[in-house]
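Novice: I need the structure of the sequence given here:
(2 chains)
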2 protein chains.
Amino acid sequence: MPFATPSPLRRVFAQRVRAERKRLGISQEELADRAQVHRTFVGAVERAETNISIDNIGRISDALGVNAADLMVSPSE
Amino acid sequence: MPFATPSPLRRVFAQRVRAERKRLGISQEELADRAQVHRTFVGAVERAETNISIDNIGRISDALGVNAADLMVSPSE
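Specialist: So this is what the prediction gives:
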């Protein structure tokens, strides 16, 4: 349900993925290529629209070079 | 695919959920009730058989009283 209110954890993850991607200076397409996911998927993740699975969380965190745990905590925490 | 080799992150999550549940001294059924998921689901999660979604990761971590990030890192790390 893309237009339902995203869960707090989804929103944190979305913000953290975007921040780490921008830190690397890569596009959503480049991240999708590195993580071996569909290129529209990264956009949906960064908009907190998709209920991403743990296996894809692992692919995205590996591609960003961070631990999955780092993507579950907002920087202010 | 329940019998495929689980991803490393799935295995860490499975071990951490079981450890935190045992720390609380509650059954899989009790955790399922608290997290508002199906009772067979917790068993599948603890066997790393299910590709759990981020929304359900949030429900499980809330029910265990821990941060989702705490369930993504093995205790030895």
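
Novice: contacts, neighbours, all on C-alpha from now
Specialist: Will do.

Novice: Residue A:33 reaches residue A:39, doesn't it?
Specialist: Yes - between residue A:33 and residue A:39 a contact is recorded at 7.2 Å, counting by Cα atoms under 8 Å.

Novice: So the residue nearest the centre of chain A versus chain B, what's the distance?
Specialist: What sits nearest the mean C-alpha location of chain A, by Cα atoms, centre = their mean, is residue A:17, with 3.8 Å. Separation of residue A:17 from chain B (Cα to the nearest Cα, to the nearest Å) stands at 14 Å.

Novice: Could you report the pLDDT at that residue?
Specialist: On pLDDT, residue A:17 comes in at 98.

Novice: Give the buried residues for the top helix by length along chain A.
Specialist: Criterion DSSP state H: the longest helix present in chain A is helix A:8-24. Residues of helix A:8-24 classed as buried: A:9, A:10, A:11, A:12, A:13, A:14, A:15, A:16, A:17, A:18, A:20, A:21 (neighbour count, 16 or more other Cα atoms under 10 Å in any protein chain shown).

Novice: Quick check: the second one touching residue A:48?
Specialist: Yes - the pair residue A:10 and residue A:48 passes the contact test of Cα under 8 Å, sitting 5.6 Å apart.

Novice: for residue A:53, phi and psi?
Specialist: phi -90, psi 160 (degrees, to the nearest 10).

Novice: And it, how far from chain B?
Specialist: According to Cα to the nearest Cα, residue A:53 and chain B sit 4 Å apart.

Novice: Show the contacting residues for that residue.
Specialist: Residue A:53 sits next to B:51, B:52, B:53, B:54 when contact means Cα atoms under 8 Å, 6 or more residues apart in numbering or on different chains.

Novice: Great, nothing more from me.
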